[in-house]
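K.L.:
fold the following for me, if possible:
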Amino acid sequence: MTTSRAVVIGSGIGGLTAAAALHRSGWQVTVLERAASLEPVGAGISLAPNSQRALDVIGLGDEVRSLAAWQGDGGMRTPSGRWLARTDSSAAAERFGGPLVLLHRSVLVDLLRSRLPEDAVRTGTPARLVDPGRAGGSPALVRTDAGDIEADLVIGADGIGSAVRTALFPRHPGPSYSGFTTWRVLAPGVGRAFSSHETWGRGELWGSHPLKDGGIYAYAAALAPAGARAAADDEKAELVRRYGDWHDPIPAVIAAVEPDRILRHDVYHLTDPLPAFHRGRTVLVGDAAHAMGPFLGQGGNQAVEDAVVLAHHVTPDGDLGAGVAAYSAARHPRTTAMVRKAAQVSRMVGLTGAPAVALRDGLMSAVSRLGPGLVLRTFDGICDWRPPQRTYAAGTRGGQRTRP
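P.N.:
Numbers count the residues shown, from 1 in each chain. Predicted coordinates for the structure are as follows:
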């Protein structure tokens, strides 16, 4: 009996989760990564209850929760520090079946890598999809410098600029610039306790969140022309210029950041949906399929969902054509809605006129005063998602996460 072979192009969160999930279900998996190492792109990552439940399916949810910081109470603020909306972490966990957790992206990458055989990941290996294959017929073909690889299944997990996506859908216009650039940093502790917060200004935002090791994960976004960079490439000075007079602890966090550890990326998104997430024996996951802005905090979460749903539908001994079609049908509507919702939130962040910003802030404050449940309700249909597999992590009852 021959073993079904899956090739994953790209080793980001979506690619590695797909590899781990497929390996767990019996596939022989090879991950091809262009970069020389598995150094993750990014700093921290927030995992909502929906993606944690997906990680429970592959036996990683409890380990992630044990290594991550469980987000406490916090909320949204103005640059002066005034609270616009408060969040109740207990109410959120009760509503969605678990907490929001934060951890270093590198920790998640290491955990996913640990679920794969030692020889499954090949770094320094650029790969190109030559033929997507035909379900029920010819295999897919992937070309590398070391030779061609035939595969029963290919997973394109090669990010926003996906070459696999272009090969599958050459007439699709691809991602467009959102109007926002972003910064992400990991900083040491600033010597004082503070609540997690996201602060909205005029066409700008900042978020600060404590990590379990005492450090801080912070991110910022601002309207800017595509490709713009700080004068003299001094991104720390740019953060001081934009956010240095915002409320505590933002100036202290910026001061603690090492200049060469600041990550800046322009935000591109796929607002024009693909016709499907598959063709032949090849599927797309994560940003390659549905790149979205960061304003819902769901980009990585949706990639994790993709991976587990894919492994559920494409069993090694099953009907591959039916499986990839079922995966595409399950994921396309949900992720398309996420892309659109993230774009809607970005338009709210992007308001710059004083009257419009005042109206936005007033509405947010009024909704918060009417009840925290109204704020949480905006995440209904997002954080309460459950994978097709029924699974129970340790410390759960009926799929609901409980505190230890």
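K.L.:
element containing the most centrally placed residue in the chain?
P.N.:
For the chain, the residue nearest the mean C-alpha position is Gly300 (1.4 Å; C-alpha atoms, centre = their mean). Following DSSP states H and E, one finds Gly300 within helix 299-313.
K.L.:
for that helix, output the C-alpha coordinates as PDB.
P.N.:
Output of helix 299-313 as PDB, limited to C-alpha atoms (Å, rounded to 0.1, in the frame of the first residue of the first chain):
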ATOM      1  CA  GLY A 299      -5.300  36.500  10.100                       C
ATOM      2  CA  GLY A 300      -3.300  33.800  11.800                       C
ATOM      3  CA  ASN A 301      -6.400  32.400  13.400                       C
ATOM      4  CA  GLN A 302      -8.100  31.800  10.100                       C
ATOM      5  CA  ALA A 303      -5.000  30.100   8.700                       C
ATOM      6  CA  VAL A 304      -5.100  27.700  11.700                       C
ATOM      7  CA  GLU A 305      -8.700  27.000  11.000                       C
ATOM      8  CA  ASP A 306      -8.000  26.400   7.300                       C
ATOM      9  CA  ALA A 307      -5.400  23.800   8.100                       C
ATOM     10  CA  VAL A 308      -7.600  21.700  10.400                       C
ATOM     11  CA  VAL A 309     -10.600  21.900   8.200                       C
ATOM     12  CA  LEU A 310      -8.400  20.800   5.200                       C
ATOM     13  CA  ALA A 311      -7.100  17.800   7.100                       C
ATOM     14  CA  HIS A 312     -10.600  16.800   8.100                       C
ATOM     15  CA  HIS A 313     -11.800  16.700   4.400                       C
END
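K.L.:
which helices and strands sit right next to the helix or strand that that helix is followed by?
P.N.:
Elements were assigned by DSSP H and E; along the chain past helix 299-313, the next helix or strand is helix 320-349. Applying 3 or more C-beta pairs under 8 Å, 6 or more residues apart in numbering; DSSP states H and E, we find helix 320-349 packed against strand 176-187, strand 263-269, strand 278-279, strand 282-284, helix 287-290, helix 299-313. No exception for glycine: its C-beta is placed from N, CA and C like everyone else's.
K.L.:
closest to Gly74 out of those?
P.N.:
Nearest of those to Gly74, taken as C-beta to C-beta: strand 176-187 at 17.1 Å.
K.L.:
buried residues of that closest one, list them for me.
P.N.:
178-187 (16 or more other C-beta atoms under 10 Å).
K.L.:
then stretch 222-239?
P.N.:
222-224, 230, 235-236, 238-239.
K.L.:
so how far is it from its chain's centroid?
P.N.:
Computed by C-alpha atoms, centre = their mean, to the nearest Å, the separation of stretch 222-239 from the middle of its chain amounts to 23 Å.
K.L.:
who touches that stretch?
P.N.:
With contact meaning C-beta atoms under 8 Å, 6 or more residues apart in numbering, stretch 222-239 is reached by 177, 179-181, 183, 203-205, 220, 242, 254, 257, 259, 262, 264, 266, 350, 352.
K.L.:
how about a cut-off of 6 Å?
P.N.:
177, 179, 181, 203-204, 254, 259, 262, 264, 266, 350 (C-beta atoms under 6 Å, 6 or more residues apart in numbering).
K.L.:
do the same with stretch 161-170
P.N.:
Looking at what lies outside stretch 161-170 - C-beta under 6 Å, 6+ apart - the contacts are 9, 129, 156, 158, 274, 279, 284, 288.
K.L.:
of all pairs in these, which one spans the longest distance?
P.N.:
Ile9 and Leu274 (16.5 Å).
K.L.:
who has more neighbours out of the two?
P.N.:
More neighbours surround Ile9 than the other of Ile9 and Leu274, with 30 against 21 (other C-beta atoms under 10 Å).
K.L.:
next up, the contacts around the more buried one.
P.N.:
For Ile9, counting by C-beta under 6 Å, 6+ apart, the contacting residues are 32, 127, 156, 158, 164.
K.L.:
out of those residues, which is nearest to Val142?
P.N.:
Once C-beta to C-beta is applied, the member of the contacts of Ile9 that ends up nearest Val142 is Ala127, at 5.3 Å.
K.L.:
backbone torsions only: list them for the closest one.
P.N.:
Main-chain dihedrals, Ala127, degrees, to the nearest 10: phi -140, psi 150.
K.L.:
and what of Asp110?
P.N.:
phi -60, psi -40.
K.L.:
could you shift the numbering so residue one becomes 56, and keep it that way?
P.N.:
All set: I'll call the first residue 56, so the last point we hit is now Asp165.
K.L.:
can you check what pLDDT the model gives it?
P.N.:
Per-residue pLDDT puts Asp165 at 95.
K.L.:
equivalent analysis for Gly246, please.
P.N.:
82.
K.L.:
gap between it and Ala310?
P.N.:
Here the distance between Gly246 and Ala310 works out to 11 Å (C-beta to C-beta, to the nearest Å).
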